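> predicted structure and sequence below. I'll ask about it afterward.
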Amino acid sequence: QKEVEQNSGPLSVPEGAIASLNCTYSDRGSQSFFWYRQYSGKSPELIMSIYSNGDKEDGRFTAQLNKASQYVSLLIRDSQPSDSATYLCAVNHYGNNRLAFGKGNQVVVIP
Amino acid sequence: ETGVTQTPRHLVMGMTNKKSLKCEQHLGHNAMYWYKQSAKKPLELMFVYSLEERVENNSVPSRFSPECPNSSHLFLHLHTLQPEDSALYLCASSQVGPGVSNTGELFFGEGSRLTVL
């Protein structure tokens, strides 16, 4: 079983809509969860971190964590063309400096 | 200088060449990393230097050799690579240690695109 799975194919959303991305992880001991955004030809940049169950909102982004079900999701509200990128889910143990990444989900926002 | 800088940005080498990738971080962090990013695959952690201790992924071939002379500089020495080693090599840094709750907040450089002929 892969450590971090992001199974959805490219996601196309119209401008102004909500983009929803999901990620599951295999290690129940995981305690820290992150979403990175990577534009084509660029390096990943951290956009959200979440450590406890529930929702965390930051601007148009909302991260949702459910440790019992071992999934973390990212919602992008009012999607903009500038949100078109690949979104990487990453997971690790508290205090552990080794992140496990998923393959990423490509999001395309259509004007 | 800001953040994490990597040189060269692009490198083409033959299988018999020896080259090195360089990374420098200006964030005052105490951990540095090398990641490999290949198409359609997850980011693969190759090496970690953290609090002067090296941790490596045992699946990384010996033709890749890291060097970390201090907490701000990291090198990846390349020797007799194979075409399948062609990828984007990303350097990252972070702050780790007791009391650091945000471990996992990596700051990446722009990467070195390596092509092995």
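It's in.
> where does the prediction get shaky in chain B?
B:1, B:52, B:98-104 (pLDDT under 70).
> got a list of contacts for stretch B:76-90?
A:43-44, B:6, B:13, B:15-21, B:23, B:34-38, B:43, B:46-47, B:63-67, B:108-109, B:111-117 (C-beta atoms under 8 Å, 6 or more residues apart in numbering or on different chains). (Each C-beta comes from the backbone N, C-alpha and C, glycine too.)
> now the buried members of these.
A:43-44, B:6, B:13, B:19, B:21, B:23, B:34-37, B:43, B:46-47, B:64, B:66, B:108-109, B:111-114, B:116 (16 or more other C-beta atoms under 10 Å in any protein chain shown).
> in strands, which of those fall?
Among the buried ones among the contacts of stretch B:76-90, the subset assigned to strands under DSSP state E consists of B:6, B:13, B:19, B:21, B:23, B:34-37, B:46-47, B:64, B:66, B:108, B:112-114, B:116.
> check those one by one and keep those near chain A.
B:F108 (C-beta under 8 Å from any C-beta of the partner chain).
> chain B contacts on chain A?
Looking at chain B, the residues of chain A close enough under C-beta under 8 Å from any C-beta are A:2, A:4, A:32, A:34, A:36, A:42-46, A:49, A:51, A:88, A:90, A:92, A:94-104.
> wait, what's in contact with the closest residue to B:H10 other than its chain neighbours?
Using C-beta to C-beta, 6 or more residues apart in numbering or on different chains and skipping the chain neighbours, the partner closest in space to B:H10 is B:R113 (4.9 Å). B:R113 is in contact with B:9-11, B:88, counting by C-beta under 8 Å, 6+ apart.
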